[in-house]
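[1] give me a model of this one.
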Amino acid sequence: MEMSRFFYRMNGYCFIYKVMETGDFIKVYASGKLYEAELIVGLLSNNNIEATIINKQDGRYLFGEVEVYVKTEDAEAAKEIIAKRDE
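    As a prediction, the model looks like this:
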């Protein structure tokens, strides 16, 4: 399954959003650090689980969370993979 990519520019920065196919999604991970969420997406991708990030942080002061979402049917497998990483 191929993900669409959307680009936009704001204040000199280029942002890339990955949009997954339509369906039900569930949050499986949240962090205050974007790089941690990106590592989780990479880990899930290596295990053939499609994931996307929703960044809910304030752009200037970086408070808030970065969340990782997967399709509902992949949620249990994703949570197990993340739990094994944290051991």
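[2] ok, the nearest residue in space to Val66 that is not next to it in sequence - contacts?
    Excluding the flanking residues, the one nearest Val66 by Cβ to Cβ, 6 or more residues apart in numbering is Ala37, at 4.2 Å. C-betas here are computed from N, CA, C, even on glycine. Contacts of Ala37 were listed using Cβ atoms under 8 Å, 6 or more residues apart in numbering, and they are Tyr29, Ala30, Ser31, Ile53, Asn55, Val66, Glu67, Val68.
[3] send me the helix or strand containing Ala37 as PDB with only the CA atoms.
    Under the criterion of DSSP states H and E, Ala37 resides in helix 34-46. What follows is helix 34-46, C-alpha atoms only, in PDB (Å, rounded to 0.1, in the frame of the first residue of the first chain):
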ATOM      1  CA  LEU A  34       9.700  14.200  17.300                       C
ATOM      2  CA  TYR A  35      12.800  12.000  16.700                       C
ATOM      3  CA  GLU A  36      11.500   9.300  19.100                       C
ATOM      4  CA  ALA A  37       8.200   9.100  17.100                       C
ATOM      5  CA  GLU A  38      10.200   8.900  13.900                       C
ATOM      6  CA  LEU A  39      12.200   6.000  15.200                       C
ATOM      7  CA  ILE A  40       9.000   4.200  16.200                       C
ATOM      8  CA  VAL A  41       7.600   4.700  12.700                       C
ATOM      9  CA  GLY A  42      10.800   3.300  11.200                       C
ATOM     10  CA  LEU A  43      10.700   0.300  13.500                       C
ATOM     11  CA  LEU A  44       7.100  -0.400  12.600                       C
ATOM     12  CA  SER A  45       7.800   0.100   8.900                       C
ATOM     13  CA  ASN A  46      10.600  -2.500   9.200                       C
END
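[4] mind listing what's buried in it?
    Buried residues in helix 34-46, counted by 16 or more other Cβ atoms under 10 Å: Ala37, Ile40, Val41, Leu43, Leu44.
[5] rebuild these as CSV, extending it with distance to Lys79 and pLDDT.
    CSV is the format used below for the buried residues of helix 34-46 (distance: Cβ to Cβ, whole Å; pLDDT from 0 to 100):
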residue, distance to Lys79, pLDDT
Ala37, 15, 92
Ile40, 11, 94
Val41, 14, 93
Leu43, 12, 95
Leu44, 10, 95
